[in-house]
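> sequence below, structure please.
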Amino acid sequence: MTEHVYKKIELVGSSPVSSDDAIKNALDRASETLKHLDWFEVTEVRGHLTGGKIAHWQVGVKVGMRVDRAED
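Predicted structure coming up:
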């Protein structure tokens, strides 16, 4: 089995629709510029209220990306 090494970064995605959509927004944006995204974990969920109603979901995620080996 191949041994992998990962780097973790923390992101916060937001969405007026849902917490799932906030996660998707964070991962979609990260995938625009980062390579080898392999996994994520949700670290926190919070939201912004306006007039007592949910205006935005905010979800903290840690994203793991595989670190390549240098070419020999």
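> ok, now which ones touch the closest residue in space to Leu34 that isn't next to it in sequence?
Nearest residue to Leu34 in three dimensions, chain neighbours excluded: Met65, at 5.8 Å (Cβ to Cβ, 6 or more residues apart in numbering). Every residue, glycine included, has its C-beta placed from N, CA and C. With contact set as Cβ atoms under 8 Å, 6 or more residues apart in numbering, Met65 has these partners: 6-9, 34-38.
> with Ala55 instead?
16, 47-49.
> surely Ala22 forms part of a strand?
No: with DSSP: H, G, I helix; E, B strand; the rest coil as the criterion, Ala22 is helix rather than part of a strand.
> tell me if I'm right that it and Gly60 touch.
No: the criterion here is Cβ atoms under 8 Å, and Ala22 misses it with Gly60 at 9.5 Å.
> which of these two has more residues huddled nearby?
More crowded of Ala22 and Gly60, by other Cβ atoms under 10 Å: Ala22, with 25 against 17.
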